[in-house]
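Participant: only the shape, not the letters, is given here:
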(Lines give C-alpha, C1' and ligand atoms only; values in the text may rest on other atoms or scores of the structure.)
Protein backbone atom coordinates (compact mmCIF):
# COMPACT_ATOMS: atom_id res chain seq x y z
CA UNK A 1 0.00 0.00 0.00
CA UNK A 2 1.44 3.39 -0.93
CA UNK A 3 1.83 6.19 1.59
CA UNK A 4 -0.84 8.22 -0.25
CA UNK A 5 -3.29 5.30 -0.14
CA UNK A 6 -2.76 4.88 3.60
CA UNK A 7 -3.27 8.66 4.11
CA UNK A 8 -6.54 8.50 2.13
CA UNK A 9 -7.81 5.45 4.03
CA UNK A 10 -7.22 6.96 7.47
CA UNK A 11 -8.62 10.36 6.37
CA UNK A 12 -11.75 8.61 5.08
CA UNK A 13 -12.17 6.76 8.40
CA UNK A 14 -11.88 10.01 10.41
CA UNK A 15 -15.56 10.82 9.83
CA UNK A 16 -18.38 9.05 11.75
CA UNK A 17 -20.86 9.17 8.81
CA UNK A 18 -18.31 7.51 6.53
CA UNK A 19 -17.61 4.83 9.18
CA UNK A 20 -21.38 4.25 9.49
CA UNK A 21 -21.72 3.97 5.68
CA UNK A 22 -18.99 1.29 5.67
CA UNK A 23 -20.70 -0.52 8.55
CA UNK A 24 -23.98 -0.49 6.59
CA UNK A 25 -22.25 -1.80 3.44
CA UNK A 26 -20.86 -4.83 5.28
CA UNK A 27 -24.53 -5.95 5.40
CA UNK A 28 -24.76 -5.80 1.59
CA UNK A 29 -24.61 -3.44 -1.39
CA UNK A 30 -26.88 -0.38 -1.27
CA UNK A 31 -27.92 2.54 -3.48
CA UNK A 32 -27.20 6.13 -2.45
CA UNK A 33 -30.92 6.51 -1.60
CA UNK A 34 -30.81 3.45 0.67
CA UNK A 35 -27.64 4.72 2.34
CA UNK A 36 -29.12 8.20 2.92
CA UNK A 37 -32.26 6.92 4.73
CA UNK A 38 -30.93 6.12 8.22
CA UNK A 39 -28.70 9.22 8.32
CA UNK A 40 -31.33 11.94 7.89
CA UNK A 41 -28.91 13.63 5.47
CA UNK A 42 -29.45 15.04 1.99
CA UNK A 43 -28.46 12.95 -1.03
CA UNK A 44 -25.73 15.46 -2.03
CA UNK A 45 -24.24 15.26 1.50
CA UNK A 46 -24.16 11.44 1.34
CA UNK A 47 -22.76 11.57 -2.22
CA UNK A 48 -19.93 13.79 -1.01
CA UNK A 49 -19.01 11.25 1.70
CA UNK A 50 -19.24 8.43 -0.88
CA UNK A 51 -16.82 10.28 -3.17
CA UNK A 52 -14.26 10.41 -0.33
CA UNK A 53 -14.76 6.67 0.28
CA UNK A 54 -14.46 5.95 -3.46
CA UNK A 55 -11.28 7.99 -3.83
CA UNK A 56 -9.80 6.02 -0.91
CA UNK A 57 -10.78 2.79 -2.70
CA UNK A 58 -13.02 1.78 0.22
CA UNK A 59 -16.19 1.78 -1.86
CA UNK A 60 -16.83 0.93 -5.53
CA UNK A 61 -19.97 1.64 -7.58
CA UNK A 62 -21.90 -0.92 -9.62
CA UNK A 63 -22.60 -0.61 -13.36
CA UNK A 64 -26.39 -0.58 -13.09
CA UNK A 65 -26.98 2.96 -14.47
CA UNK A 66 -30.15 3.49 -12.41
CA UNK A 67 -29.02 2.41 -8.95
CA UNK A 68 -25.21 2.42 -9.22
CA UNK A 69 -25.12 0.28 -6.04
CA UNK A 70 -22.28 0.95 -3.59
CA UNK A 71 -20.09 -1.94 -2.51
CA UNK A 72 -17.50 -2.02 0.28
CA UNK A 73 -13.96 -2.94 -0.81
CA UNK A 74 -12.08 -4.74 1.93
CA UNK A 75 -8.48 -4.47 0.63
CA UNK A 76 -7.62 -0.93 1.85
CA UNK A 77 -9.17 -1.65 5.26
CA UNK A 78 -7.14 -4.83 5.45
CA UNK A 79 -3.93 -2.99 4.60
CA UNK A 80 -4.61 -0.17 7.07
CA UNK A 81 -5.26 -2.80 9.75
CA UNK A 82 -1.92 -4.41 8.91
CA UNK A 83 -0.28 -1.05 9.57
CA UNK A 84 -2.04 -0.86 12.95
CA UNK A 85 -1.04 -4.46 13.75
CA UNK A 86 2.61 -3.42 13.99
CA UNK A 87 1.56 -1.29 16.94
CA UNK A 88 -0.41 -4.11 18.46
CA UNK A 89 2.90 -5.95 18.79
CA UNK A 90 4.25 -2.82 20.47
CA UNK A 91 1.52 -2.38 23.07
CA UNK A 92 1.23 -6.10 23.75
CA UNK A 93 5.02 -5.98 24.17
CA UNK A 94 4.60 -3.23 26.80
CA UNK A 95 2.12 -5.39 28.70
CA UNK A 96 4.50 -8.35 28.47
CA UNK A 97 7.34 -6.21 29.83
CA UNK A 98 5.09 -5.04 32.69
CA UNK A 99 4.16 -8.66 33.32
CA UNK A 100 7.85 -9.68 33.40
CA UNK A 101 8.56 -6.81 35.81
CA UNK A 102 5.76 -7.88 38.17
CA UNK A 103 6.97 -11.51 38.06
CA UNK A 104 10.51 -10.33 38.84
CA UNK A 105 9.23 -8.24 41.78
CA UNK A 106 7.30 -11.25 43.11
CA UNK A 107 10.37 -13.49 42.76
CA UNK A 108 12.53 -11.00 44.69
CA UNK A 109 9.89 -10.67 47.41
CA UNK A 110 9.66 -14.47 47.78
CA UNK A 111 13.45 -14.70 47.99
CA UNK A 112 13.51 -12.08 50.78
CA UNK A 113 10.78 -13.99 52.64
CA UNK A 114 12.68 -17.28 52.21
CA UNK A 115 15.85 -15.72 53.59
CA UNK A 116 13.98 -14.44 56.68
CA UNK A 117 12.65 -17.93 57.53
CA UNK B 1 -13.93 5.07 22.93
CA UNK B 2 -16.14 8.02 22.02
CA UNK B 3 -16.96 8.89 18.39
CA UNK B 4 -14.91 12.11 18.70
CA UNK B 5 -11.88 10.17 20.00
CA UNK B 6 -12.06 7.73 17.09
CA UNK B 7 -12.36 10.66 14.63
CA UNK B 8 -9.27 12.30 16.17
CA UNK B 9 -7.26 9.05 16.12
CA UNK B 10 -7.93 8.34 12.42
CA UNK B 11 -7.37 12.01 11.46
CA UNK B 12 -4.02 11.94 13.29
CA UNK B 13 -3.02 8.74 11.44
CA UNK B 14 -3.86 10.28 8.03
CA UNK B 15 -0.47 12.03 7.87
CA UNK B 16 2.78 10.18 7.02
CA UNK B 17 4.97 12.37 9.27
CA UNK B 18 2.72 11.67 12.23
CA UNK B 19 2.76 7.93 11.48
CA UNK B 20 6.56 8.09 11.28
CA UNK B 21 6.73 9.95 14.62
CA UNK B 22 4.63 7.18 16.23
CA UNK B 23 6.88 4.53 14.65
CA UNK B 24 9.95 6.32 16.09
CA UNK B 25 8.36 6.55 19.56
CA UNK B 26 7.77 2.80 19.71
CA UNK B 27 11.59 2.60 19.96
CA UNK B 28 11.56 4.79 23.08
CA UNK B 29 10.70 8.28 24.35
CA UNK B 30 12.25 11.22 22.47
CA UNK B 31 12.48 15.01 22.73
CA UNK B 32 11.07 17.24 19.98
CA UNK B 33 14.67 17.90 18.83
CA UNK B 34 15.37 14.17 18.56
CA UNK B 35 12.12 13.63 16.66
CA UNK B 36 12.84 16.50 14.23
CA UNK B 37 16.29 15.17 13.18
CA UNK B 38 15.40 12.37 10.74
CA UNK B 39 12.56 14.37 9.16
CA UNK B 40 14.49 17.39 7.93
CA UNK B 41 11.62 19.53 9.22
CA UNK B 42 11.63 22.66 11.36
CA UNK B 43 10.93 22.36 15.10
CA UNK B 44 7.66 24.35 14.77
CA UNK B 45 6.47 21.98 11.99
CA UNK B 46 7.20 18.93 14.16
CA UNK B 47 5.60 20.62 17.19
CA UNK B 48 2.44 21.19 15.17
CA UNK B 49 2.26 17.46 14.29
CA UNK B 50 2.93 16.58 17.93
CA UNK B 51 0.03 18.78 19.06
CA UNK B 52 -2.31 16.83 16.75
CA UNK B 53 -0.99 13.55 18.19
CA UNK B 54 -1.34 14.89 21.76
CA UNK B 55 -4.92 16.07 21.17
CA UNK B 56 -5.75 12.59 19.85
CA UNK B 57 -4.21 11.11 23.02
CA UNK B 58 -1.63 9.20 20.94
CA UNK B 59 1.34 11.01 22.51
CA UNK B 60 1.92 12.38 26.02
CA UNK B 61 4.69 14.75 27.17
CA UNK B 62 6.99 14.13 30.14
CA UNK B 63 7.35 16.54 33.07
CA UNK B 64 11.05 17.25 32.60
CA UNK B 65 10.77 21.01 31.86
CA UNK B 66 13.88 21.05 29.64
CA UNK B 67 13.22 18.08 27.33
CA UNK B 68 9.51 17.37 27.80
CA UNK B 69 10.09 13.93 26.27
CA UNK B 70 7.34 12.55 24.02
CA UNK B 71 5.89 9.13 24.77
CA UNK B 72 3.56 7.05 22.63
CA UNK B 73 0.23 6.10 24.27
CA UNK B 74 -1.03 2.75 23.04
CA UNK B 75 -4.67 2.91 24.23
CA UNK B 76 -6.22 4.97 21.36
CA UNK B 77 -4.33 2.88 18.77
CA UNK B 78 -5.61 -0.26 20.42
CA UNK B 79 -9.19 1.00 20.36
CA UNK B 80 -8.97 2.15 16.73
CA UNK B 81 -7.61 -1.30 15.83
CA UNK B 82 -10.57 -2.88 17.62
CA UNK B 83 -12.85 -0.83 15.35
CA UNK B 84 -10.93 -2.10 12.29
CA UNK B 85 -11.10 -5.68 13.59
CA UNK B 86 -14.87 -5.74 13.08
CA UNK B 87 -14.14 -5.36 9.38
CA UNK B 88 -11.53 -8.06 9.47
CA UNK B 89 -14.33 -10.43 10.43
CA UNK B 90 -16.24 -9.11 7.44
CA UNK B 91 -13.50 -9.57 4.84
CA UNK B 92 -12.34 -12.89 6.27
CA UNK B 93 -16.03 -13.85 6.17
CA UNK B 94 -16.10 -13.02 2.43
CA UNK B 95 -13.07 -15.24 1.83
CA UNK B 96 -14.68 -18.04 3.87
CA UNK B 97 -17.86 -17.78 1.78
CA UNK B 98 -15.78 -17.89 -1.41
CA UNK B 99 -13.96 -20.93 -0.03
CA UNK B 100 -17.28 -22.66 0.76
CA UNK B 101 -18.51 -21.88 -2.75
CA UNK B 102 -15.39 -23.36 -4.36
CA UNK B 103 -15.67 -26.51 -2.20
CA UNK B 104 -19.32 -26.85 -3.20
CA UNK B 105 -18.39 -26.50 -6.91
CA UNK B 106 -15.68 -29.17 -6.53
CA UNK B 107 -18.11 -31.51 -4.75
CA UNK B 108 -20.69 -31.12 -7.54
CA UNK B 109 -18.05 -31.71 -10.21
CA UNK B 110 -16.85 -34.89 -8.47
CA UNK B 111 -20.45 -36.13 -8.19
CA UNK B 112 -20.95 -35.61 -11.98
CA UNK B 113 -17.70 -37.49 -12.70
CA UNK B 114 -18.74 -40.35 -10.40
CA UNK B 115 -22.09 -40.67 -12.17
CA UNK B 116 -20.38 -40.89 -15.58
CA UNK B 117 -18.22 -43.82 -14.55
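Facilitator: Thanks, I have the structure now. The structure presented is a predicted model; accordingly, all values stated were derived computationally and were not measured. Residues are numbered from 1 along each chain as shown, chains lettered A, B, ... in the order given.
Participant: tell me where chain A has helices.
Facilitator: A:3-13, A:16-25, A:32-36, A:43-55, A:74-116 (DSSP state H).
Participant: where does chain A have low pLDDT?
Facilitator: Where chain A drops to pLDDT under 70, the residues are A:1, A:91-102, A:115-117.
Participant: before we move on, the earlier item: tabulate the helices of chain A (JSON lines), appending mean neighbour count and distance to chain B.
Facilitator: Where you see a C-beta, it was placed from the backbone N, CA and C, and this is true even at glycine. Formatted as JSON lines, the helices of chain A follow (neighbours: other CB atoms under 10 Å in any protein chain shown; distance: least, CB to the nearest CB, whole Å):
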{"stretch": "helix A:3-13", "mean neighbour count": "19", "distance to chain B": "4"}
{"stretch": "helix A:16-25", "mean neighbour count": "18", "distance to chain B": "5"}
{"stretch": "helix A:32-36", "mean neighbour count": "17", "distance to chain B": "17"}
{"stretch": "helix A:43-55", "mean neighbour count": "16", "distance to chain B": "11"}
{"stretch": "helix A:74-116", "mean neighbour count": "13", "distance to chain B": "3"}
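Participant: ok, which of these comes nearest residue B:38?
Facilitator: Between residue B:38 and those, the shortest gap by CB to CB is with helix A:3-13, which sits at 15.6 Å.
Participant: list the helices and strands that closest one packs on?
Facilitator: helix A:43-55, helix A:74-116, helix B:3-13, helix B:16-25 (3 or more CB pairs under 8 Å, 6 or more residues apart in numbering or on different chains; DSSP states H and E).
Participant: got JSON lines for the helices of chain A, with distance to residue B:69 too?
Facilitator: Listed next are the helices of chain A as JSON lines, based on distance: least, CB to CB, whole Å:
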{"stretch": "helix A:3-13", "distance to residue B:69": "26"}
{"stretch": "helix A:16-25", "distance to residue B:69": "33"}
{"stretch": "helix A:32-36", "distance to residue B:69": "46"}
{"stretch": "helix A:43-55", "distance to residue B:69": "36"}
{"stretch": "helix A:74-116", "distance to residue B:69": "16"}
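Participant: so for residue B:67, which of the ones you listed sits nearest?
Facilitator: Among the helices of chain A, if distance is taken as CB to CB, the winner is helix A:74-116, at 21.1 Å.
Participant: picking that back up, quick one: the helices and strands packed on helix A:3-13 as JSON lines, columns for distance to residue B:38 too.
Facilitator: Putting the helices and strands packed on helix A:3-13 into JSON lines (distance: least, CB to CB, whole Å) gives the following:
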{"stretch": "helix A:43-55", "distance to residue B:38": "30"}
{"stretch": "helix A:74-116", "distance to residue B:38": "18"}
{"stretch": "helix B:3-13", "distance to residue B:38": "19"}
{"stretch": "helix B:16-25", "distance to residue B:38": "7"}
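Participant: how about these, which one is nearest residue A:19?
Facilitator: helix B:3-13 (7.5 Å).
Participant: would you check how far apart residue A:88 and residue B:81 are?
Facilitator: 6 Å (CB to CB, to the nearest Å).
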